[in-house]
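Give the three-dimensional model of this entry:
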Amino acid sequence: MTTTTVLRQLTGDYAVDVARSRLGFTARHTVGPRVPGEFEVFSGVLRLDGEDPARSTADLTIQADSIQTGDRRRDAALREHFLDAETYPSIRFRSTKVSQTSVTTFTVTGNLTIRGATRPVVVPLELVGTDDGVAFTGSLPLLRKRWSVSWNAAINLMVAQKLDLHLELTASRIA
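Have a look, this model is predicted:
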């Protein structure tokens, strides 16, 4: 079976399987190594068009207060000061364009909304599995200041402006 045939067979609507997916990040801290974290509560829908990948779409919603780094105090500060999760409970990505760049790689352009600010981003994705639904991996750098994700001057000096977002998304076909 060729990849083109596989892509044609993937046409349809998919729900992100949270149990088999991960939305993580790493951020450099000046007094130590990179700090890893992840969001535990999210949902998403993908519409894949194997005949014309440009007609595919993605919509992902993340609950801001589900951020976890393994440190309760840091997590509380991230929720309150960096993400202001009480005022802005959701982080959202909605695609605006999908381009196939090779047999199994794609760039998904879309709007990322954090703290009420919406900015365009480009997410490079690789199709890594089709056995039980679809699976994609990808990563992209984000600059916190584009979304006003900050706290105070001292903390902003200690935490790098750039963080890396890592995606491992598995989605199951919606019947």
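
following the worst-scoring helix or strand of the chain on mean pLDDT, which helix or strand shows up next?
Sorting the helices and strands of the chain by mean pLDDT, DSSP states H and E puts helix 153-158 at the bottom, at a mean of 52. Sequence-wise, the next helix or strand downstream of helix 153-158 (DSSP states H and E) is strand 159-173.

what number of residues lie near the nearest residue to Arg47 once chain neighbours are set aside?
Take Arg47 and drop its neighbours on the chain: the residue closest to it by CB to CB, 6 or more residues apart in numbering is Thr57, 4.6 Å away. Bear in mind the C-beta positions are built from the backbone N, C-alpha and C, glycine included. Thr57 has 17 neighbouring residues, counting by other CB atoms under 10 Å.

Contacts only, for Thr57.
Thr57 is in contact with 46-47, 94-95, 98, counting by CB atoms under 8 Å, 6 or more residues apart in numbering.

any idea how far it lies from Leu10?
Distance from Thr57 to Leu10, counting by CB to CB, to the nearest Å: 14 Å.

ok, the contacts of Thr57 vs Val128, which is closest?
Distance to Val128, by CB to CB, is smallest for Leu46 among the contacts of Thr57, at 14.2 Å.
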